[in-house]
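> Return a 3D structure for these sequence lines:
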Amino acid sequence: MSDLETARATFAAARLPIPPVPAELEAAFRVRDKWVYGSGPGFISPYNLSGCVEAACAPGQATSLTLAHAGHGTNSYTMHYYLVRGALRLFFQNGWGGAYMDHDERAAVMLECYGPAQFLIDAVVRAEAAGQLGGERYLTVVGSAFYGSWWRTPGTEQSRARGPADAIRAALAWPE
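The predicted model follows:
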């Protein structure tokens, strides 16, 4: 069983949606620890959201994916999905696994983010082909239940969103 198949089985057993893994990352997708997966050579703690965003937006970043469940205490557990792919910088932090979190509600929130993520990946591929994105021009989407949600297109200021699902919906409307 590949590491990606292992992740899919782990998510299915937990009744959770798994976010999209672009085809070009499937071979590099690795289990790093229990509930921690990645495709890049290094690993920054996913709780360091601003550090991860800053590193991903530096020039010349390679395509990479981090998918991790991490937390501490009774209710500060989070599922992290960070994707750097071409001109897309996509970061989601959704609470899951805390003692006081409703599993089905949290899984539905993840699905609201992960479902449209593949559409956004495809839209960015089209925008790259049309010359709207690429080089040092990125579409950045940050959806965090803990640190705020926003999105930004090249040459614009951050646009605030009410939550992770709103951030990706707004970003999806941008190419239109």
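> just checking, Ala171 is part of a helix?
Yes. Judged by DSSP: H, G, I helix; E, B strand; the rest coil, Ala171 forms part of a helix.
> who's in contact with Gly86?
63, 124-125, 128, 133-134 (CB atoms under 8 Å, 6 or more residues apart in numbering). All C-beta spots, glycine's among them, are computed from the backbone N, C-alpha and C.
> change it to 6 Å
Contacts for Gly86 were tallied using CB atoms under 6 Å, 6 or more residues apart in numbering; they are Glu128.
> ok, which stretches of the protein are helices?
3-13, 49-56, 103-129, 164-173 (DSSP state H).
> Pick the most deeply packed of the ones you listed.
helix 164-173 (a mean of 20; mean count of other CB atoms under 10 Å).
> Can you name the residues in contact with that helix?
Applying CB under 6 Å, 6+ apart, the contact partners of helix 164-173 are 92, 112-113, 116, 120, 141, 143, 149, 151, 161.
> Could you dump the helices of the chain into CSV with mean pLDDT and distance to Arg30 added?
Below are these laid out as CSV (pLDDT from 0 to 100; distance: least, CB to CB, whole Å):
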stretch, mean pLDDT, distance to Arg30
helix 3-13, 93, 5
helix 49-56, 83, 18
helix 103-129, 87, 20
helix 164-173, 90, 25
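> and of the ones you listed, who's closest to Val31?
Proximity to Val31 (CB to CB) singles out helix 3-13 among the helices of the chain, at 4.7 Å.
> sorry, back to before: just put the contacts of helix 164-173 in CSV and tack on distance to Val21.
Shown next, in CSV, are those (distance: CB to CB, whole Å):
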residue, distance to Val21
Phe92, 14
Glu112, 18
Cys113, 15
Pro116, 15
Leu120, 14
Val141, 17
Gly143, 18
Ser149, 22
Trp151, 21
Ala161, 24
